[in-house]
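Novice: Have a look; sequence and predicted model below, questions after that.
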Amino acid sequence: MNPEQQGLTLSERVFRRLRQAIVEGEIPAGSKISEPELATAYGISRGPLREAIGRLEGCHLVERKANVGARVVTLTQVDLMELYFLRESLEGLAARLAAERITDAEIDELRRLLAQHEQRVELQEGVAYFQKEGDLDFHYRIVQASGNARLIQLLCNDLYHLMRMYRYQYGMASNRARNAFREHGHIVEAIADRDGEMAELLMRRHVRVSRENVARQFAEHPDQSPNIRIAG
């Protein structure tokens, strides 16, 4: 068993495995959730499986409709834009709170994370800003540093998984990879200066520019949405 899964209930392990399969497209968007098939494939009973599916509904990765049953959500451009608007507001607040509450050790960790990101070949070539959790890992850490449990729940346990799902569907490359990386650096320095107002301003602008970039690409390539590149 993966060390990270030790001590987890069966339902929790199934939930995490299904969540990863959905986010990464192993279980495609729009596909029907068949409990008998999943129970057989994962070698588990229906009880823990149903509990895991219920949690996936709570994360908005699965939706249940009358006379249809449970299905993986289908991603749309409108939904993506709405997520960006939510991120702009919520992550701006998270950055402000992080500037007030983050520890010096956490600031050092953020700087080390960006130093690791900078070494990625894709970023150096300006074609992508994505590795495992990608730049969302940077945002994740700032939200965690906010110390606000509701923000952490909304962003880290819900919205960010939807964003990752979009990235797998629409592509991981970005034509603004270097700019997004530089913006991360400015945000860290504002947080390190304990300037909550500036940290919020920079974070909101960072997310807004990313949203505008994606919206522009959607407008320019309306028939090629799976090739849209998302970053930030």
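Specialist: Alright, I've got the coordinates. Small disclaimer: the values here were computed from a predicted structure and weren't measured.
Novice: all strands in this structure, in order from the N-terminus.
Specialist: 62-65, 69-72 (DSSP state E).
Novice: quick one: which of the ones you listed is nearest I102?
Specialist: strand 62-65 (34.1 Å; CB to CB). All C-beta atoms are positioned from the backbone trio N, CA, C, and that covers glycine.
Novice: Quick check: which helices or strands does that closest one pack against?
Specialist: Under the contact definition 3 or more CB pairs under 8 Å, 6 or more residues apart in numbering; DSSP states H and E, strand 62-65 sits against helix 46-58, strand 69-72.
Novice: could those be laid out in JSON lines, adding mean pLDDT and distance to M163?
Specialist: Output for these, formatted as JSON lines (pLDDT from 0 to 100; distance: least, CB to CB, whole Å):
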{"stretch": "helix 46-58", "mean pLDDT": "92", "distance to M163": "16"}
{"stretch": "strand 69-72", "mean pLDDT": "90", "distance to M163": "16"}
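Novice: quick one, phi psi at the residue of the chain most remote from its centre?
Specialist: In the chain, the residue that sits farthest from the middle, by CA atoms, centre = their mean, is N67; the gap is 30.9 Å. Per-residue torsions, N67: phi 70, psi 10 (degrees, to the nearest 10).
Novice: who's in contact with it?
Specialist: Contacts for N67 were tallied using CB atoms under 8 Å, 6 or more residues apart in numbering; there are none.
Novice: Would you quantify the distance from it to M163?
Specialist: In this structure, N67 and M163 are 30 Å apart, going by CB to CB, to the nearest Å.
Novice: Next: I22.
Specialist: In terms of CB to CB, I22 sits 13 Å off from M163.
Novice: Who does R64 form a beta bridge with?
Specialist: Taking DSSP bridges as the rule, R64 bridges to A70.
Novice: Near it, how many other residues are there?
Specialist: 12 (other CB atoms under 10 Å).
Novice: now swap in the one 5 residues further on and tell me
Specialist: Taking other CB under 10 Å as the neighbour definition, G69 ends up with a count of 12.
Novice: was I right about it contacting E35?
Specialist: No - look at G69 against E35 with CB atoms under 8 Å: they stay out of range, at 9.1 Å.
Novice: re earlier: comparing the strands of the chain, which comes out most buried?
Specialist: strand 69-72 (a mean of 16; mean count of other CB atoms under 10 Å).
Novice: And the pLDDT for G7?
Specialist: Here the pLDDT value assigned to G7 is 71.
Novice: Could you give the number of residues near the spatially closest residue to E118 that is not a sequence neighbour?
Specialist: Closest residue to E118 apart from its sequence neighbours, by CB to CB, 6 or more residues apart in numbering: F181 at 6.9 Å. F181: 22 surrounding residues under other CB under 10 Å.
Novice: same question, the one 3 residues further on
Specialist: Look at H184: counted by other CB under 10 Å, it has 24 neighbours.
Novice: Which residue is the nearest non-sequential neighbour of it?
Specialist: F138 (5.4 Å).
Novice: per-domain residue ranges of this protein.
Specialist: 10-72, 77-223 (the TED database).
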